[in-house]
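K.L.:
structure for the following, please:
(chains A and B)
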Amino acid sequence: MTDQGIGARVLRKEDKRFITGKGKYTDDIVQPNQAYAAFVRSPHAHANVKSIDASAAEAMEGVEAVLNGHQLTGDGIGNIICGWGITSKDGSPMNMGAWSALATDKVRYVGDAVAVVIADSKAQAQAAAEAVMVEYEVLPATSNVLASMKEGAPQIHENAPGNLIFDWEIGNKDETDAALASAHHTTTMDITNNRLSPNPMEPRSAVATFDESEDHYTLYTTSQNPHVARLVLSAFYNVAPEHKLRVIAPDVGGGFGAKIYIYPEEIVCLWASMKTNRSVKWTSTRSEAFLTDAHGRDHVSTATMGFDADNNIVGFKVNTKANLGAYMSLFSSSVPTYLYATLLSGQYNIANVYCDVQTYYTNTVPVDAYRGAGRPEAAYLIERMIETAARELGVDPGELRRQNFVREFPHQTPVIMAYDSGDFAGNLDQAKAAADVAGFPARKEEAAKRGKLRGLGYSNYIEACGIAPSAAVGSLGAGVGLWESAEVRVNPVGTIEILTGSHSHGQGHETTFAQLVSERFDLPTDNIQIVHGDTDKVQFGMGTYGSRSGAVGMSAISKALDKVEAKVKKIAAHVLEASEDDIVIEGGEVKVKGTDKAMGWHEVGLSAYTAHNLPEGMEPGLKEGAFYDPTNFTFPAGCYICEVEVDPQTGVTEIVQFTASDDFGTIINPMIVEGQVHGGIAQGIGQAMMEHAVYDDDGQLLSGSYMDYCMPRADDVPNYTVSHHSTTCPGNPLGMKGCGEAGAIGSPPAVINAITDAIGNNNLSMPATPSRVWAALQQVSAAQAAE
Amino acid sequence: MDMSGEYRIAAPIQTVWDAIQDPEILRGAIPGCEELEKTGETEMSAKVSLKIGPVKAKFAGEVALKDLVAPNSLKIEGEGKGGIAGFAKGGADVQLAEDGNETILTYQAEAQVGGKIAQLGSRLIQSTAAKLADKFFANLRDELEES
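P.N.:
Numbers count the residues shown, from 1 in each chain, chains lettered A, B, ... in the order given. Next up, the predicted model:
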């Protein structure tokens, strides 16, 4: 047996090119006759565009063209759409405002593009973009939901009165109200989920080439889902029919959700390539990334959790107001609804859950999915609520959770989801033991002697991955099916190419997908190549987001491998004159069980392609494809325990210990999974303690560079203790649940629960910067002084 | 951020009042001012070079004097476009009070910026604006007292 199958810590095959600087990213692509695009962007959050004078720019050296939104719409390029329709309580559809890739008459956020300059060099394009004179009539702006929902607030889209996009609900309202009314104890909190900039290391980029002789377009772009990009560019934006448009997402340096969507710049580059008959390249600057990459989160919620006299949760009611920015991005509507409120039962057996969500336009960049997408918002809400409730009830927060855990599966929650598996108490026990919770009081006492406030916080998160059963999401408003495809090509020499619709942009698919094949056919991973990210190579796919590439993408590969395995066995049985049932594949050979009769794996491949001696009626070749549509979501879950020390003099918080026990189902490569968890927790710590995308009241982005937007660095995060306590997912052939987002979902409430425990004040919002922690400590001192 | 101030100027109130409306004096007093031309009774066009944080830009814009109540109060408003650097606008309410042969000038200023200059220099805007406003009135006093 090779030692590279499921469960092996195989080093990442892709790292050789990445760590030697040989990765090939979109910005590395150079096309013949390539020109550069620079966008003219609005400095105003809300304004009417009175006129655009491009005459000075057009006269500048090297300028090929200056193009505007009226030309774009005049050429029939369609408006940018949101692909998930949400229906309001009253049955009305969501109010989607028009979004042109280049604004025509009105700009709605700082960074909204009004024109593009195409020039011979990047510098010429930028210089000319500065020379384009745009006359604006500045309008009042709003930058947050509380301002947008006010009477008399600036109206951002004509078809969304009061800036309301939709008013949606889920769960059983009357029963939840009744349960809370008769509850023995209720806990109510106002909870804000801070707005974040996504910050993938590689900024967005596009290189578009129109080939006039073939009437064909090629787009290299930084996408997590190139097939979806092609579909949308073709079907909705009318750039070109699908068979005349090839989309390639080569190496992509991180996505975190921000590279799911099809942005104005990609559309404009394709169109500008046709207009100028040149290849057109654009690469975002970091400043542009802050302004124009879709942001994440930005919820304002009020929640009430009710308990009976025995501390069982009897009801949970939530109202959330979500900021979707100036336009509805591709999946923006699904994030604060079906990806969020369906997880509000948490790990707990709650009979009554109700949530209603109002979403609003604001004069800010669109808000969409960001690592976790809705589930971090849900986990943060529930896990802060239950921790606070435990403090109010005077019981141990871990034990209050344990008492309310779902213990029998499948478990139907009141909010759509049917949990299929899990052992929440097992994760809690594993984490408590690893974190030495029993020794915490002594550590707290020791810290107090050093003048430090030590606190401990739990987070028992559950999330939904493996999105998703196509018919189910279709019935909830999704515009696409969320299956995945795969093709397995065994070459005549026995090497294997796996074509997958999943896309790797940091997840290590080239390694883990090869491990799956290695496990099945007992071949070294060096003999297996993973092909992805090119619509000309892979027929179709739905891409990578929502931790779906294992549970959905690998399940599709597994189905295709089933077909290849069956054919291999048929060929071998025929050649070796044995029964198919007696054929086994191991050690690079295809053998007849219990005999010395065998063919080399490569000989089977060769037989399939020479076709000299195949079973009667069998087609030559060894290539099989499969589409896999999941039967349910998967439900990764776990317990995170964070321990912090706060300096009461300064409010500076240090995470001194972070313990994770995750249930991801089957794990293909523990090293890669641990890396995903480490990265996810680091991002969660970033949200909890540092990161905050801030607009001023006029809609100017104040956190527009790394001077003002604080990302976690190596010395901000602790050594993690990561462990697994897994139950097999019954919903897919491999038993996988997904691990890509769990760390970012589970960690923020653990961090905040630890800090609020340390300082003795539950009134603390993310990011818990030193100044906020210090201010919360002063509230405690003031309250004590008043007593 | 305190965007107000007070100056005692060793000149009669009418002299100060006239100076505030004199393009020559204003050109010398506005920090970074490279050009200032009178375009109307109370309007001027200006070119001002400014550095806020990491962003240095030349702003082309208009300066207008409003709500003139001679010789006691007026409002100075300015608005400029700095190309890709964004825009800046601001204003100051100015009051003059006679104190013997001297004049006491008080002002309350406000400033707003947008675009790249806000994105990159937001933390520095208030302090820079306060400093620039103070510098303007200090320059004005110095010019008057020298002449």
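K.L.:
on the pLDDT front, check A:G479 for me.
P.N.:
At A:G479, the model reports a pLDDT of 88.
K.L.:
OK, contacts around it?
P.N.:
A:G479 is in contact with A:G83, A:W84, A:G85, counting by Cβ atoms under 8 Å, 6 or more residues apart in numbering or on different chains. For every residue, glycine as well, the C-beta is placed using N, CA and C.
K.L.:
what's the neighbour count on the closest residue to the last one other than its chain neighbours?
P.N.:
What that stands for is A:G85. Leaving aside its sequence neighbours, A:G85 sits nearest to A:G477 (Cβ to Cβ, 6 or more residues apart in numbering or on different chains; 4.2 Å). A:G477 has 17 neighbours, counted by other Cβ atoms under 10 Å in any protein chain shown.
K.L.:
as a markdown table, the contacts of A:G479 with neighbour count and pLDDT would be great.
P.N.:
Formatted as a markdown table, those follow (neighbours: other Cβ atoms under 10 Å in any protein chain shown; pLDDT from 0 to 100):
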| residue | neighbour count | pLDDT |
| --- | --- | --- |
| A:G83 | 21 | 94 |
| A:W84 | 22 | 95 |
| A:G85 | 16 | 96 |
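K.L.:
which strands and helices sit next to the host helix or strand of A:T659?
P.N.:
Using DSSP states H and E, A:T659 falls within strand A:653-663. Helices and strands touching strand A:653-663, by 3 or more Cβ pairs under 8 Å, 6 or more residues apart in numbering or on different chains; DSSP states H and E, are helix A:424-435, strand A:637-646, helix A:670-689, strand A:720-724, helix A:742-759.
K.L.:
so which bits of the first one are buried?
P.N.:
This means helix A:424-435. A:F424, A:A425, A:N427, A:L428, A:D429, A:Q430, A:A431, A:K432, A:A434, A:A435 (16 or more other Cβ atoms under 10 Å in any protein chain shown).
K.L.:
cool, and the shortest one?
P.N.:
Buried residues in strand A:720-724, defined by neighbour count with 16+ other Cβ under 10 Å: A:Y720, A:V722, A:S723, A:H724.
K.L.:
figure out how far that strand is from the centre of its chain.
P.N.:
Mean-position distance between strand A:720-724 and its chain equals 22 Å (Cα atoms, centre = their mean, to the nearest Å).
K.L.:
that strand pairs with which strands?
P.N.:
If you go by DSSP bridges, strand A:720-724 pairs up with strand A:653-663 (parallel).
K.L.:
same question for the second one.
P.N.:
Looking at strand A:637-646 with DSSP bridges, its paired strands and their directions are strand A:453-462 (antiparallel), strand A:653-663 (antiparallel).
K.L.:
hmm, stretch A:187-207 in reach of chain B?
P.N.:
No - judged by Cβ under 8 Å from any Cβ of the partner chain, stretch A:187-207 stays clear of chain B, getting no closer than 11.6 Å.
K.L.:
what's the first-to-last distance across that stretch?
P.N.:
Taking Cα to Cα, to the nearest Å, the first and last residues of stretch A:187-207 lie 53 Å apart.
K.L.:
okay, the strands paired with strand A:637-646 in JSON lines with mean neighbour count and mean pLDDT next?
P.N.:
Below are the strands paired with strand A:637-646 laid out as JSON lines (neighbours: other Cβ under 10 Å; pLDDT from 0 to 100):
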{"stretch": "strand A:453-462", "mean neighbour count": "26", "mean pLDDT": "98"}
{"stretch": "strand A:653-663", "mean neighbour count": "24", "mean pLDDT": "98"}
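K.L.:
for the lengthiest helix in chain B, which helices and strands make contact with it?
P.N.:
Assignment by DSSP state H gives helix B:116-146 as the longest helix of chain B. Secondary-structure packing of helix B:116-146 (3+ Cβ pairs under 8 Å, 6+ apart): helix A:286-292, strand B:4-9, helix B:13-20, helix B:23-29, strand B:43-52, strand B:55-69, strand B:87-99, strand B:102-114.
K.L.:
ok, back up a step: any idea of the angle the strand holding A:T659 forms with helix A:424-435?
P.N.:
Strand A:653-663 runs at 140 degrees relative to helix A:424-435, counting by axes from the mean of the first three to the mean of the last three Cα atoms, to 10 degrees.
K.L.:
and strand A:653-663, how far out from the chain's middle?
P.N.:
That offset, for strand A:653-663, works out to 22 Å (Cα atoms, centre = their mean).
K.L.:
next one: stretch A:525-532
P.N.:
25 Å.
K.L.:
who's the closest spatial neighbour of A:C465, skipping the chain neighbours?
P.N.:
A:G738 (3.4 Å).
K.L.:
can you confirm that neighbour is in a strand?
P.N.:
No - according to DSSP: H, G, I helix; E, B strand; the rest coil, the state of A:G738 is coil, so it is not within a strand.
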